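Q: Predicted coordinates and the sequence they were generated for:
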Amino acid sequence: MLDLKFIREHPDLVKEGIRKKGGADHVDEIVKLDGQRRALLQEVEVLKNRRNIVSSEIGHSKKEGKDASSALTEMETVKNQIRTYDDELRQVEEQLNLLMFQIPNVPHPSVPVGTTPADNSEISRWGESPVIDFIPKPHWDLVAKLDIIDFERGVKVTGAGFPIFKGKGAKLERALINFFLDEGVARGYKEIQPPLLINAVSAKGTGQLPDKEDLMYVIPNDDLYLVPTAEVPVTNILRDEILNEKDLPIKYCAYTPCFRREAGSYGKDVRGLNRVHQFDKVELVKFVHPGVSYNELESLRVDAEALLQKLGLHYRVLLMCTGDMGFTQSKKYDLEVWSIGQQRWLEVSSISNFEAFQARRMNIRFRPAGGKPEFVHTLNGSGLALPRVVAAILEHYQTPEGKVIVPKILHKYTGFEIIG
RNA sequence: GGAGAGGUGCUAGAGCGGUUGAAUAGGCCGGUCUCGAAAACCGGUGUGGGCUUUAUGUCUACCGAGAGUUCGAAUCUCUCCCUCUCCGCCA
């Protein structure tokens, strides 16, 4: 959510942002409703002031045993007027609120303007695709032969998109989770184990609700949702709090499974581990001083990149264009790892600055020295999402015989150096 | 799941229809005292919204959330949420 005052004072900037990102433009309507709201507020507050004064006069009269009937008559009118104005005000505010939730975050000036993935700009590449003298297999062929990930039986147990990790596959998964968490902690993030179910208020805070309900699994009996990402529970930890300025930045890292319905996906995008309904992810979340949030975005990117570098995987960094950015983001990088078996890039991390957009929804503030509370800026990034990293490792480190060499950094976590 | 108690400011804790935005204590900030500190004493210490001559300004709202009764609600009523105690169930 944006600041109403900001929209009032800079409607053109907000419209410009909407134009770049795409979506409905309700700015004029908001400005109009805001005007109505303030006019009504002025009227009703004068009446409320009158009510308070007369009420206390009645109190005094009664105490002294005097007659207060004329005051009581006046109050009858005032009371009804207040009721009328309050009703109208409530309607205007409800409508205003509804529209406010439909205004996307304003993209940062450094974000390229565009509408399709082709408009994203590649910032850098790291590493190289391995040089091999055989035809690399895609991971789904490798895992079937090695019997470390079982897609078919996952279908039996739950449905498509719920893979079963077995033996060294399961151990590799656990090794990566531990590796990612340890690296996060070493870089100053506090490890968090959040709830895996979230309520509607939390989902609204980070922006999954009201518009993206379709991406989450719902628990109707208890009015809860399965976490689509650790971002939701972890960011909401500090909801409705005023933080000490000296405690910023606050950095959390958390491993959770993530549950996504991914309705409407199909084809090669969902083959194997490319897109599944349940997957593991370590998420990095920061609450920072607004003045430094873009520096913090860069360091968050560095934190995530370090993981891929230590795994020795070839990857590239994309700066996402306005149209390819989410509703809540001001600026976003994606990390894409090279899949040699599929000959394509796979997204393994999404690193975003939300500025005050989420903080305003969640009411997360800090107290500047001697001043009024201000909203923090929130950021998050995957560090990292497991399935495609696993896919890339299996494909990148495969041998001609269909075995897989485990990256050295993981040896102490896996306890083995080769799969097969 | 059953029975009971309760949710008040940074914290503890009064208030249970009328100068209560809220006693009192602690904390925190500032001051006096001191070579310095402690103690003692004095003063200050919430958030959102509106208005304007943007100010040691003013109005309004906020005592778990929402609705209601009343001229007037932290105080009474209803619904919901949460916490605690006991019982039941249980990794």
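A: Nice, I can see it.

Q: Is A:Ala239 located within a helix, as I assumed?
A: No, residue A:239 isn't Ala; it's Arg. No - according to DSSP: H, G, I helix; E, B strand; the rest coil, A:Arg239 belongs to no helix; its state is coil.

Q: Can you tell me the closest non-neighbouring residue to it?
A: The shortest distance from A:Arg239 to any non-neighbouring residue, by C-beta to C-beta, 6 or more residues apart in numbering, is to A:Met362 (4.3 Å). For every residue, glycine as well, the C-beta is placed using N, CA and C.

Q: okay, now the one you found: neighbour count?
A: Neighbourhood size, A:Met362 [other C-beta atoms under 10 Å]: 25.

Q: list the buried ones in the biggest helix by length in chain A?
A: Ordering each helix of chain A by length in residues (DSSP state H) puts helix A:27-63 first. By neighbour count on 16 or more other C-beta atoms under 10 Å, the buried set for helix A:27-63 is A:27, A:30, A:33-34, A:36-37, A:40, A:44, A:47, A:50-51, A:54, A:58, A:61.

Q: how much space between the residue of the stretch 201-350 of chain A found nearest RNA strand B and A:Leu248?
A: Going by C-beta to the nearest atom of the strand, RNA strand B is nearest to A:Ile242 of the stretch 201-350 of chain A, at 6.8 Å. For A:Ile242, the distance to A:Leu248 (C-beta to C-beta, to the nearest Å) stands at 12 Å.

Q: shared neighbours, those two?
A: A:Phe366 (C-beta atoms under 8 Å, 6 or more residues apart in numbering).

Q: So the two - more neighbours on which side?
A: Counted by other C-beta under 10 Å, A:Ile242 and A:Leu248 do not tie: A:Leu248 has more neighbours, with 18 against 13.

Q: List the contacts of the closest residue to that one other than its chain neighbours.
A: Sequence neighbours aside, A:His289 is the residue nearest to A:Leu248 in space, at 5.0 Å (criterion: C-beta to C-beta, 6+ apart). Residues in contact with A:His289 (C-beta under 8 Å, 6+ apart) are A:Glu245, A:Leu248, A:Pro249, A:Phe366, A:Val376, A:His377.

Q: re the thing from before, so which of the buried residues of helix A:27-63 also contact RNA strand B?
A: Filtering those for neighbours of RNA strand B using C-beta under 7 Å from any atom of the strand leaves A:Arg51, A:Val54, A:Ile58.

Q: now the second one: how far from A:Thr73?
A: The spacing between A:Val54 and A:Thr73, counted by C-beta to C-beta, is 10 Å.

Q: now the last one
A: Look at A:Ile58 and A:Thr73: by C-beta to C-beta, they are 11 Å apart.

Q: Next to RNA strand B, which bits of the stretch 51-200 of chain A? Give me the list.
A: Within the stretch 51-200 of chain A, the positions lying close to RNA strand B (C-beta under 7 Å from any atom of the strand) are A:51-56, A:58-59, A:62, A:72, A:75-76, A:79, A:90.

Q: could I get those as a markdown table with pLDDT?
A: Below are those laid out as a markdown table (pLDDT from 0 to 100):
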| residue | pLDDT |
| --- | --- |
| A:Arg51 | 91 |
| A:Asn52 | 91 |
| A:Ile53 | 90 |
| A:Val54 | 90 |
| A:Ser55 | 89 |
| A:Ser56 | 87 |
| A:Ile58 | 87 |
| A:Gly59 | 84 |
| A:Lys62 | 78 |
| A:Leu72 | 82 |
| A:Met75 | 87 |
| A:Glu76 | 87 |
| A:Lys79 | 89 |
| A:Arg90 | 90 |
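
Q: Which pair of those spans the longest distance?
A: Within these, A:Lys62 and A:Arg90 form the most distant pair, 32.0 Å apart (C-beta to C-beta).

Q: before we move on, back to that, elements contacting the longest helix of chain A?
A: Helices and strands touching helix A:27-63, by 3 or more C-beta pairs under 8 Å, 6 or more residues apart in numbering; DSSP states H and E, are helix A:4-9, helix A:11-21, helix A:69-100.

Q: What subset of the contacts of A:His289 is buried?
A: A:Leu248, A:Pro249, A:Phe366, A:Val376, A:His377.

Q: residues in contact with the first one?
A: Yep, that's A:Leu248 we're talking about. Neighbouring residues of A:Leu248 by C-beta under 8 Å, 6+ apart: A:Phe287, A:Val288, A:His289, A:Phe366, A:Val376.

Q: Give me the sheet partners of the helix or strand harbouring the fourth one and which way each runs.
A: Per DSSP states H and E: A:Phe366 is located in strand A:365-367. For strand A:365-367, the pairing partners within the sheet under DSSP bridges are strand A:242-244 (parallel), strand A:374-375 (antiparallel).

Q: ranking the ones you listed by mean pLDDT, which is last?
A: Ranked by mean pLDDT, these end with strand A:242-244 at the bottom, a mean of 88.

Q: Run me through the strand neighbours of the helix or strand following it, direction for each.
A: Counting by DSSP H and E, the next helix or strand C-terminal to strand A:242-244 is strand A:250-259. When pairing is defined by DSSP bridges, strand A:250-259 lines up against strand A:190-192 (parallel), strand A:278-288 (antiparallel).

Q: got a list of contacts for the first one?
A: I take that to be strand A:190-192. The contact list for strand A:190-192, computed with C-beta under 8 Å, 6+ apart, reads A:Leu181, A:Gly184, A:Val185, A:Ala230, A:Val234, A:Ile237, A:Ile250, A:Lys251, A:Tyr252, A:Cys253, A:Ala254.
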